[in-house]
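> give me a 3D structure for the following:
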Amino acid sequence: AVVVDGVPLIVDAGEGTMRQMVFADEALGGVIEGLEPEKVEHVFLTHLHSDHTAGVPGALLLPWVLGRETPLQVYGPEGTADMVENILRAYEEDIAARLEGLETIAPEGIN
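I've put the predicted structure just below:
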């Protein structure tokens, strides 16, 4: 992540991107404001190869579960919007359970 004025910007989201942010934040004792996963609101994809996109589901869902109240903005080449739409479709059951089940999560935080 690149952190600018406390705002994390993810450039490519390989497998484990969000987990690595959590580890880095904990390892550094929270001294870099903006490394908290719930603050992730922007992901930039340079291309749609799996080694650059496998972490997109985590970027969509983990920050939302942790309290993000605005939808994740994913920017990238042609096909990015379709990929995000299909990821959200794949997680429909999980999203519905979190919105309509026992958990109370802000519906505005998911795309």
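
> where's the closest residue to A90 other than its chain neighbours, which helix or strand?
Spatial nearest neighbour of A90, excluding adjacent residues (CB to CB, 6 or more residues apart in numbering): P57 at 7.7 Å. Glycine gets a C-beta too; all of them are placed from N, C-alpha and C. Secondary structure assignment for P57, by DSSP states H and E: helix 56-65.

> quick check: the gap between the residue nearest to A90 and P71.
Distance from P57 to P71, counting by CB to CB, to the nearest Å: 14 Å.

> please apply the same query to A13.
From A13 to P71 the distance is 15 Å (CB to CB).

> looking at these two, which is more packed in?
More crowded of A13 and P71, by other CB atoms under 10 Å: A13, with 24 against 14.

> give the next helix or strand downstream of the longest strand belonging to the chain.
In the chain, with assignment by DSSP state E, the single longest strand is strand 7-11. Counting by DSSP H and E, the next helix or strand C-terminal to strand 7-11 is helix 17-27.

> ok, back up a step: which elements pack onto whatever helix or strand comes next after the helix holding P57?
Using DSSP H and E, the helix or strand that follows helix 56-65 towards the C-terminus is strand 73-75. When contacts are defined as 3 or more CB pairs under 8 Å, 6 or more residues apart in numbering; DSSP states H and E, strand 73-75 packs onto strand 42-44, helix 56-65, helix 80-90.

> can you pull the buried residues of strand 73-75?
Of the residues in strand 73-75, V74 count as buried by neighbour count, 16 or more other CB atoms under 10 Å.
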